[in-house]
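**Q** Need the 3D shape of this:
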Amino acid sequence: MNELFGTLPDGTPVHRWTLERGGVRVRVLSYGGIVQSAEVPDRAGRTADVVLGFPDLEGYLRHPEPYLGAVIGRYANRIAGGRVPLDGRMYQVTRNEGANCLHGGERGFDKHVWEVTPVEHGLRLSRVGPDGEEGFPGRLSVTVTYTLTASGALRIGYEAFTEAPTVVNLTNHTYWNLGGAGSGDTGGHELRLAASRYTPVGADMIPVGPPADVAGTRLDFRAPRPTGSGYDHNFVLDKGVTGDAEEVAELYDPVSGRVLTVATTEPGLQLYTGDHLSGPFPPNAGTALETQHFPDSPNRPDFPTTTLRPGEVYRSETVYGFGVRG
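**A** Residues are numbered from 1 along each chain as shown. Have a look, this model is predicted:
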């Protein structure tokens, strides 16, 4: 189902699409590829929206910084100094978080209207980022496909092609509250992560040194425990880069019984407990589980590469599954 959701100041219409399958209803916006809502049942069969989102377009325009539910690119996470070295040349991309580039710059993929085409049980969103957009080299053609599986899992598939060497790191920035959006703090949600290491960062959130062991630290989620607060960290997934999505995380709300599983092809997962949320959503009102490559990979040859060249295809897949536990 497709309906008009609002109109941007320049007159561009924004539409909302509804997907429903397997007892799950998901709504997606053409603006930013935003996952606006996901309605799933709890252990008693009561349905609630477990995604932080705004009821109208104005909310997203007035509060862009949380990146609620949006597609993030051309480069998710941070690039130190906004510097991208490629083939002996240094590209300066937009610095929109102090000296660094965050989530693709001032006007990343989250702030564009995407072309939407219905596909079986889902939607295909596409856009072309011109050469030089936010300083990134290469004309980049991107598609993001949202589908609901027979069991109601939300599958997000990414593809990208470039006309010149560039860097690409795409993710989705949905905040989850398994008790229901607006139900309170998610610090009591229990998290399990298949990650034995993380990337330590400095005060500017840029990685310093090699990945470190989580053992003996508050970043050890190898056994389930409450998330609490104070996390904005990239975890190095034990599985590494894989051709097929493999399960790497489980989030559980003991109150509602809802369970969220995360499977991905990506090597990293950024856990953000929403400590800096503001406005309609207070701090820690939602938890983001962003599957991606590591922050500042363009400047770290020891990290999995994010370079994409002409003739290559960037592919990534993440699957968010929903269930309940008694």
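
**Q** my read: Asp227 touches Asp185, true?
**A** Check again: residue 227 is Thr, not Asp. No: using Cβ atoms under 8 Å, Thr227 makes no contact with Asp185, being 9.9 Å away. Where C-beta positions appear, they are placed from N, C-alpha and C, glycine not excepted.

**Q** residue farthest from the centroid of this protein?
**A** No residue in the chain sits farther from the centre than Gly88, which is 30.5 Å out by Cα atoms, centre = their mean.

**Q** Now the element after the helix or strand harbouring Arg124, going C-ward?
**A** With elements taken from DSSP states H and E, the one containing Arg124 is strand 122-129. Past strand 122-129, heading to the C-terminal end, the next element that is a helix or strand (DSSP H and E) is strand 140-148.

**Q** Can you name the residues in contact with that following strand?
**A** Outside of strand 140-148, the residues that reach it under the criterion Cβ atoms under 8 Å, 6 or more residues apart in numbering are 19-22, 24, 26, 28, 33, 35, 71, 73-74, 109, 114, 119-129, 133, 154-163, 166, 168, 170, 308.

**Q** can you check stretch 232-247 too?
**A** Contacting residues not belonging to stretch 232-247 are listed as 77, 193-199, 201, 205, 207, 211, 214, 219, 221, 248, 261-273, 275, 292, 294-295, 304, 317-319 [Cβ under 8 Å, 6+ apart].

**Q** Out of these, which sit inside strands?
**A** Using DSSP state E, 193, 197-198, 248, 261-264, 268-272, 292, 317-319 are the members of the contacts of stretch 232-247 that sit in strands.

**Q** Straight-line length of stretch 79-99, end to end?
**A** Counting by Cα to Cα, to the nearest Å, the length from the leading to the trailing residue of stretch 79-99 is 9 Å.

**Q** sorry, back to before: quick check: ChimeraX command selecting the buried ones in the contacts of stretch 232-247.
**A** For the buried members of the contacts of stretch 232-247, the matching ChimeraX selection, counting by 16 or more other Cβ atoms under 10 Å, is:
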select :77,193,194,195,196,197,198,199,201,205,207,211,214,219,221,248,261,262,263,264,265,266,267,268,269,270,271,272,273,292,294,295,317,318,319
